[in-house]
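**Q** Sequence below, structure please.
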Amino acid sequence: LAGARDDLSSVIAAEQRFGTHHFTVHCLGNLAEADYRIGDWDAAVAHGDQALTLGLDADQLWLEACLRSEASPVLARRGQWAAADEHIAGAMQAAERTGDYSSLGYAVTATVRLAHSRGDYPAIIIAAEQLERINPRHGIDEPGIFDWRALYAEALVRVGRDSDAEQHLNAFERIARDRNRLSALAAASRVRGILDAHQGRHIASRAAFALSTQLYGDVGMPFERAYTELCLAESLTASGDRFAAEAHLRPATDTFLQLR
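**A** From the prediction side, this is the model:
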């Protein structure tokens, strides 16, 4: 992620230096996503807003769903509901105008992230099923870009649809392994931990959470790692191990406070 930010920043600087702007909008949007993943959330908001403003000013309306999606996750995670709702409603409208799967993928992913931030699991399922119905799949399942499938599988567990969750999680795990996306493997392991805990397999659950925590630490995604620790603490509390749960809640809380 740090290398991605360096490369994207270099392209933006070169574009500004030479007075060309063909790739600036793309790079700013991707930079906002990289900032979000790496935990530099104030920069993510700034770059997301800059990308969207530049894209709309240049009438790049075919990019609007993507740009609004990339500008929204920090707003959703920080509970800035009105601003997040505005971006996501705009992303869905843009996706409907263009009618392409990529735009829909970005818009639905943003919708799913917002619903997850609110703890609204039925809304996650309703949104994600728009992507489930797409055939052929094209790039909708690429976990390096879209993280909707992991959040969808988690939502299925949370509403008690364990067999459906198992089916979708298995498919997501296969894609993550086949393409060696470490962040996707981390997300899949977290959902596996939630599912195992829900079904009373506490030893397997702890192992899955441990792998998720390790992988998120390796790729440097602090929010996702902290959320995994929160889920682990939740399962430990449910199994009666409150002392162990507290040991995971403390670092998770520290990260959430830093990210605001």
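**Q** Just the pLDDT for the residue most central in space within the chain.
**A** Centroid check for the chain by C-alpha atoms, centre = their mean gives residue 147 as the closest residue, at 4.7 Å. The score at residue 147 is 92. That number is its pLDDT.
**Q** again, but for the one 4 residues further on
**A** Among the per-residue scores, residue 151 holds a pLDDT of 97.
**Q** ok, now which ones touch it?
**A** Applying C-beta atoms under 8 Å, 6 or more residues apart in numbering to residue 151 gives the contacts 112, 113, 116, 124, 128. Bear in mind the C-beta positions are built from the backbone N, C-alpha and C, glycine included.
**Q** Contacts only, for the residue nearest to residue 102 when sequence neighbours are not counted.
**A** Distance criterion C-beta to C-beta, 6 or more residues apart in numbering; nearest residue to residue 102, sequence neighbours excluded, is residue 139 at 6.7 Å. By C-beta under 8 Å, 6+ apart, the contact set of residue 139 is 101, 102, 105, 145, 146.
**Q** re earlier: the residue nearest to the centre of the chain reaches residue 187, doesn't it?
**A** Yes: using C-beta atoms under 8 Å, residue 147 is in contact with residue 187, at 6.3 Å.
**Q** As JSON lines, the contacts of residue 139 with neighbour count would be great.
**A** Listed next are the contacts of residue 139 as JSON lines, based on neighbours: other C-beta atoms under 10 Å:
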{"residue": "101", "neighbour count": "16"}
{"residue": "102", "neighbour count": "18"}
{"residue": "105", "neighbour count": "25"}
{"residue": "145", "neighbour count": "16"}
{"residue": "146", "neighbour count": "21"}
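**Q** hmm, which two among those are most spread apart?
**A** The most widely separated members of these, counting by C-beta to C-beta, are 101 and 145 (11.8 Å).
**Q** how much space is there between the residue nearest to the centre of the chain and residue 243?
**A** The gap separating residue 147 from residue 243 is 32 Å, by C-beta to C-beta, to the nearest Å.
**Q** What is the burial count for residue 22?
**A** 8 (other C-beta atoms under 10 Å).
**Q** for it, what are its contacts?
**A** Applying C-beta under 8 Å, 6+ apart, the residues near residue 22 are residue 15.
**Q** do residue 208 as well
**A** 189, 190, 192, 193, 196.
**Q** If I look at the closest residue to it other than its chain neighbours, what pLDDT would I see?
**A** For residue 208, ignoring the flanking residues on the chain, the nearest one in space by C-beta to C-beta, 6+ apart is residue 193 at 3.7 Å. For residue 193, the pLDDT comes out at 98.
**Q** For burial, what's the neighbour tally of residue 193?
**A** Neighbours of residue 193 using other C-beta under 10 Å come to 27.
**Q** from what I can see it touches residue 203, true?
**A** No: Residue 193 is beyond contact range of residue 203, at 11.1 Å (criterion: C-beta under 8 Å).
**Q** where does residue 255 fall, phi/psi-wise?
**A** phi -70, psi -40 (degrees, to the nearest 10).
**Q** got a list of contacts for the helix or strand encompassing residue 250?
**A** Secondary structure assigned from DSSP states H and E places residue 250 in helix 242-259. Contact with helix 242-259 is made by 39, 41, 77-78, 222-223, 225-227, 229-230, 232-234, 236-237, as judged by C-beta under 8 Å, 6+ apart.
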